[in-house]
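[1] Quick one: sequence and predicted model below, then my questions.
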Amino acid sequence: QVQLVESGGGLVQAGGSLTLSCAASGRTFSTIGMGWFRQGPGREREFVAAINWSAGSTYYTDSVKGRFTASRDRAKNTVYLQMNSLNAEDTAVYYCAAAGPYGVTWTSPNQYIYWGQGTQVTVSS
């Protein structure tokens with residue numbers, strides 16, 4: 001089992017920044033990496049970013065490239081999502097998720113086993 005606790009969401013003006021954190025505990029060695037997803041009002045859950053624990057390789061959906069940065073602190077078993085230049089389209093509940101132990105299709109939510117509770121990000125225009 002892996003437990004995920006997210007923090008850092010909130011209300012921010014357009015153009016502003018937020019950093020989300022996701023602290024993992026439990027059998028974290030069993031996960032190859034972590035993903036960030038979001039679900040906006042009336043929208044399906046969508047992939048945002050992912051990071052490989054060991055190599056630190058990162059993956060992003062096109063709409064956040066150049067604005068969002070995923071990182072990890074292996075000593076703290078924590079991943080981060082630095083979000084800059086936020087706009088109204090970024091308003092959503094953001095979830096972190098832990099993948100399984102093997103190679104995954106990072107963009108597919110079905111590849112992730114454990115999920116955090118979600119944190120709300122609201123961008124005001």
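    That came through fine.

[2] who's in contact with residue 121?
    When the contact criterion is Cβ atoms under 8 Å, 6 or more residues apart in numbering, the partners of residue 121 are 9-10, 12, 18, 20, 38, 83, 86, 90-94. Backbone N, C-alpha and C define where each C-beta goes, glycine included.

[3] now do residue 58
    Listed by Cβ under 8 Å, 6+ apart, the contact set of residue 58 reads 49-52, 69-71.

[4] Next, name the residue at the spatial heart of the protein.
    The centroid of the chain falls nearest to residue 36 when counting by Cα atoms, centre = their mean (2.2 Å).

[5] tell me the pLDDT at that one?
    According to the model's per-residue confidence, residue 36 sits at a pLDDT of 98.

[6] isn't it right next to residue 92, touching?
    No. With contact defined as Cβ atoms under 8 Å, residue 36 does not reach residue 92; the gap is 10.5 Å.

[7] Just the element for residue 34, please.
    Using DSSP states H and E, residue 34 maps to strand 33-39.

[8] Contact partners for the nearest residue to residue 33 once chain neighbours are set aside?
    In space, not counting the residues next to it along the chain, residue 33 is nearest to residue 52; the distance is 4.2 Å by Cβ to Cβ, 6 or more residues apart in numbering. If a contact means Cβ under 8 Å, 6+ apart, then residue 52 has 32-33, 58 as its contacts.

[9] List the buried residues for stretch 4-18?
    Of the residues in stretch 4-18, those buried by neighbour count under the rule 16 or more other Cβ atoms under 10 Å are 4, 6, 8-9, 12, 18.

[10] what about that stretch, start to end distance?
    Stretch 4-18 stretches 19 Å from its first residue to its last (Cα to Cα, to the nearest Å).

[11] what's in contact with that stretch?
    Residues lying outside stretch 4-18 but in contact with it, judged by Cβ under 8 Å, 6+ apart, are 19-25, 82-88, 94-98, 114-125.
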